[in-house]
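# when you get a sec, could you give me coordinates for this:
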Amino acid sequence: MTLKDIYEWDKRSLERIKKFQLATKYKKVGIGLSCVVVLAIVALRFTEAEPAWIKPLLNNLMLLGLLIVSVSKEKIEDEYIVMLRSQSYRVAFLLGVVYVFVQPYVTYGVSLLIEPETARVEMSYFQVLTFMLLIQLMLFHVLLKKCHA
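Residues are numbered from 1 along each chain as shown. Modelled structure (predicted):
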C-alpha cells in the first residue's frame, strides 16, 4: 500500500463521514426520545431514591436524541440547506468554546455568593454537548425559517 493509496482511502472516508445523514423520519424519533427523557428527568425529581446509573443513562439518551435530530435530513435537502446546517454547526462550536471558558466561572461566582464552602469550578461533558447541540438546532431552525419566509 502506497502513501497515495492511504491518502485516497482517507479522503473517501472523510467524504463518507462528511455526507453522513439520517433519513427525515429519524427527526421525529430524536424529538420523541428527547421529550421522553425530559419527562423522565422531571418525574425522577419527585421520587425519593433513584439508582446511581439512571442519571448518566438519561443524559446520554438526551444527547443521542438531540444528535439524531441534528443529523437528520430535511424534507428538501439542497445545497442551501447544507450551507445553513454548516453555518449552524460552526456557530454552535464557537459558542460552545466560549461557553466552556465562561460558564464555570459564572457558576463559581454564583456558588461563592450562595454557598461559599461548596463553590467549585467545574463543567460536565453533558452541559457542553447539550449546549452545543441545542444552539445548533435552534440556529439551524431560525436560519431555515428566514430562508423560507
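# tell me the mean pLDDT for stretch 105-117?
On average, the pLDDT along stretch 105-117 is 80.
# and it, which residues are buried?
For stretch 105-117, the neighbour count (16 or more other C-beta atoms under 10 Å) marks T107, S111 as buried. (Glycine included, C-beta is placed from N, CA and C.)
# off-centre distance for it?
In terms of C-alpha atoms, centre = their mean, to the nearest Å, the centre of stretch 105-117 is set 27 Å apart from its chain centre.
# for stretch 118-138, same thing?
The answer for stretch 118-138 is 9 Å, by C-alpha atoms, centre = their mean.
# domain assignment for the protein?
What automatic domain parsing lists as the domains of the chain is 1-73, 75-149.
# and K18, how many neighbours?
9 (other C-beta atoms under 10 Å).
# not counting its neighbours along the chain, what's nearest F131?
Y99 (5.3 Å; C-beta to C-beta, 6 or more residues apart in numbering).
# list the contacts of that neighbour.
By C-beta atoms under 8 Å, 6 or more residues apart in numbering, Y99 lies in contact with V128, F131, M132.
# I'd like the distance between it and Y89.
Note on Y99: its distance to Y89, by C-beta to C-beta, to the nearest Å, is 15 Å.
# again with L66
Applying C-beta to C-beta to L66 and Y89 gives a distance of 13 Å.
# can you give me the helices in the protein?
Taking DSSP state H, the helices of the chain run over residues 3-18, 25-45, 54-70, 79-114, 125-147.
# list the contacts of the residue lying closest to L22 once chain neighbours are set aside.
Using C-beta to C-beta, 6+ apart and skipping the chain neighbours, the partner closest in space to L22 is S72 (4.6 Å). Shown in contact with S72 (C-beta under 8 Å, 6+ apart): Q21, L22, A23, T24, K25, Y26, K27, G30.
# swap in 10 Å and give it another go.
Residues near S72 by C-beta atoms under 10 Å, 6 or more residues apart in numbering: Q21, L22, A23, T24, K25, Y26, K27, K28, V29, G30, I31.
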